[in-house]
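> Any chance you could fold what I've pasted below:
(one chain, ligands or ions: 1)
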Amino acid sequence: MTQTRHEPTGQAAMKMHQLITADGTRVHDELLDPFVQDVDRDALISLYRDMVVVRRIDVEATALQRQGQLALWPPMLGQEASQVGSVHAMDQDDFIFPTYRENGVAYLRGAKFPGIMGTWRGNMNTGWDPYQLNMATPQIIIGSQTLHATGYAMGIAMEGRETLAIAYLGDGATSQGDVHESMVFAASFQAPVIFFCQNNHWAISEPVGLQSAVPIAGRAQGYGIPGLQVDGNDVLAVLAAVRWAARRARTGGGPSFIEAVTYRMGPHTTADDPTRYRGVTELEEWAAKDPLSRLRTHLANAGMLDDAAQAGIEAEADAVAAELRDACINMPDPEPMTVFDDIYAEDHSVLDREREQYRRYLASFEGQLGAGQQVQGSAS
Ligand SMILES: Cc1ncc(C[n+]2csc(CCOP(=O)(O)OP(=O)(O)O)c2C)c(N)n1
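A predicted model of the protein is given here:
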């Protein structure tokens with residue numbers, strides 16, 4: 001069957017909110033401006049520094065995977081503004097439900113490197129205590145974290161608290177049933193949840209235009225949820241948009257949906273080869289909209305960032321990368337049986353059975369090693 005590849009036809013009809021253009025110019029937006037009036041030089045520098053640091057984390061982790069130190073890594077390259085802007089808009093007691101790609105968000109929320117890297121090295125099931133960070137652990141099942149976030153937000157509403165839940169999701173996830181069910185429940189119960197969709201244009205090899213004939217943010221409106229499209233490579237606009245949604249959630253306004261229009265510069269994961277499905281021109285077009293360089297230009301033009309300050313930020317990022325590498329390389333190998341730890345709150349019969357099967361499986365290798373040694377011994 002031939003598949004139809006749409007360009008999202010309604011794209012032009014939807015306003016994409018922006019505060020800093022790709023060439024570093026500050027522009028005005030009636031809806032977003034009021035949400036960033038407090039953002040002074042220090043706050044802008046802090047956003048910039050965090051983007052430089054999370055990019056450095058990403059580059060280091062990608063290199064570690066290529067060197068055989070990590071089993072897998074999902075690059076966030078290109079999505080730094082979406083990750084940094086959104087997490088800066090959250091309070092520490094707001095609960096974050098991420099996908100697998102929010103490693104920058106996890107770092108900024110306070111997750112430590114042995115935890116962040118342990119999962120990708122294959123050494124740990126859980127890299128942090130969700131209740132210590134108010135952040136769930138990475139979710140690989142596409143879209144299911146939106147159900148968790150909505151359920152959690154319904155609980156917040158029942159308890160009358162002024163916090164909120166935020167679910168990160170990709171453009172591909174909006175094709176999943178779980179996401180649609182979440183939006184129905186969120187709208188029906190006016191749950192204080194933010195659906196923060198990073199439209200990075202690809203769901204592995206599937207382009208967004210194949211999945212949605214209208215802008216992704218337009219989908220939310222069908223459920224009665226306001227949908228906002230924001231430039232996902234503009235950290236200031238992302239900060240403002242998420243603050244807009246957070247204020248709605250905290251003041252009883254219910255759910256919001258934000259489509260942060262960004263681009264995945266790297267592969268989907270280190271197991272993927274994007275040259276097989278996407279062209280170089282597209283990559284070049286998005287490189288010109290890079291989130292880091294636009295804020296750097298903006299800051300430099302306004303006299304807020306000189307070479308010494310830039311060098312200081314880069315040195316800080318290098319130190320973080322060294323810490324990451326150290327934590328990863330010096331991580332002790334886990335005892336194999338600990339693979340069953342931290343899965344369920346309490347043991348149960350299925351887990352007991354699996355544990356026993358695995359114990360026997362490991363023991364079978366010990367037997368084989370013995371036989372091998374005998375063979376070697378008899379040959380000599
Ligand atoms: C329920 C489910 N179906 C399929 C997959 C396989 N899968 C892993 S990532 C992915 C694409 C997700 O794309 P998107 O939601 O746009 O997020 P992105 O990775 O681009 O950030 C798919 C289909 C999965 N993990 N879970």
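> pLDDT (mean, whole number) over stretch 39-54?
The predicted model gives stretch 39-54 an average pLDDT of 98.
> mind listing what's buried in that stretch?
Residues of stretch 39-54 classed as buried: 39, 44-45, 47-54 (neighbour count, 16 or more other Cβ atoms under 10 Å). Every C-beta, even on glycine, is put in place using the N, C-alpha and C of the backbone.
> What sits closest to residue 14 if chain neighbours are left out?
residue 215 (4.5 Å; Cβ to Cβ, 6 or more residues apart in numbering).
> What number of residues are in the vicinity of the one you found?
If you count neighbours by other Cβ atoms under 10 Å, residue 215 ends up with 21.
> What does it show for phi and psi?
The phi and psi values for residue 215, taken as degrees, to the nearest 10, are phi -60, psi 140.
> wait, what's in contact with residue 272?
By Cβ atoms under 8 Å, 6 or more residues apart in numbering, the contact set of residue 272 is 204-205.
> ok, it to the ligand distance?
Separation of residue 272 from the ligand (Cβ to the nearest ligand atom, to the nearest Å): 9 Å.
> And the pLDDT for the residue of the chain found nearest the ligand?
When scored by Cβ to the nearest ligand atom, the chain has residue 170 as its residue closest to the ligand, at 2.2 Å. Residue 170 carries a pLDDT value of 98.
> Show me which residues of the stretch 251-380 of the chain sit near the ligand.
Within reach of the ligand by Cβ under 6 Å from any ligand atom, the stretch 251-380 of the chain has these residues: 264, 268.
> hmm, 8 Å instead?
For the stretch 251-380 of the chain, the contact set with the ligand under Cβ under 8 Å from any ligand atom comprises 264, 268-269.
> The stretch 1-150 of the chain now?
74, 79, 99-101, 140-144.
> sec struct for the closest residue to residue 84 other than its chain neighbours, please.
Of all residues not flanking residue 84 in the chain, residue 50 sits nearest, at 4.6 Å (Cβ to Cβ, 6+ apart). What DSSP: H, G, I helix; E, B strand; the rest coil gives for residue 50 is helix.
> Please apply the same query to residue 258.
Using three-state DSSP, the structure places residue 258 in strand.
> any idea which helix or strand comes after the one helix or strand residue 157 maps to?
Per DSSP states H and E, residue 157 falls inside helix 144-159. Toward the C-terminus, helix 144-159 is succeeded by strand 165-170 as the next helix or strand (DSSP H and E).
> coming back round to it: buried ones among the residues of the stretch 1-150 of the chain next to the ligand?
If you count burial by 16+ other Cβ under 10 Å, the buried members of those come out as 74, 79, 99-101, 142-144.
> Would you format those as TSV with pLDDT included?
Output for these, formatted as TSV (pLDDT from 0 to 100):
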residue	pLDDT
74	98
79	98
99	98
100	97
101	98
142	98
143	98
144	98
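> In CSV, list those residues along with secondary structure and distance to residue 295.
Formatted as CSV, those follow (DSSP: H, G, I helix; E, B strand; the rest coil; distance: Cβ to Cβ, whole Å):
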residue, secondary structure, distance to residue 295
74, coil, 24
79, coil, 14
99, coil, 24
100, coil, 26
101, coil, 21
142, coil, 30
143, coil, 31
144, helix, 33
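> Max pairwise distance over those residues: which two?
79 and 144 (20.5 Å; Cβ to Cβ).
> Report the secondary structure state of the residue nearest to residue 16 when sequence neighbours are not counted.
Closest residue to residue 16 apart from its sequence neighbours, by Cβ to Cβ, 6+ apart: residue 229 at 4.9 Å. Here residue 229 takes the strand state, with states given by three-state DSSP.
> bridging residues for residue 229?
Residue 229 has these beta-bridge partners by DSSP bridges: residue 16, residue 259.
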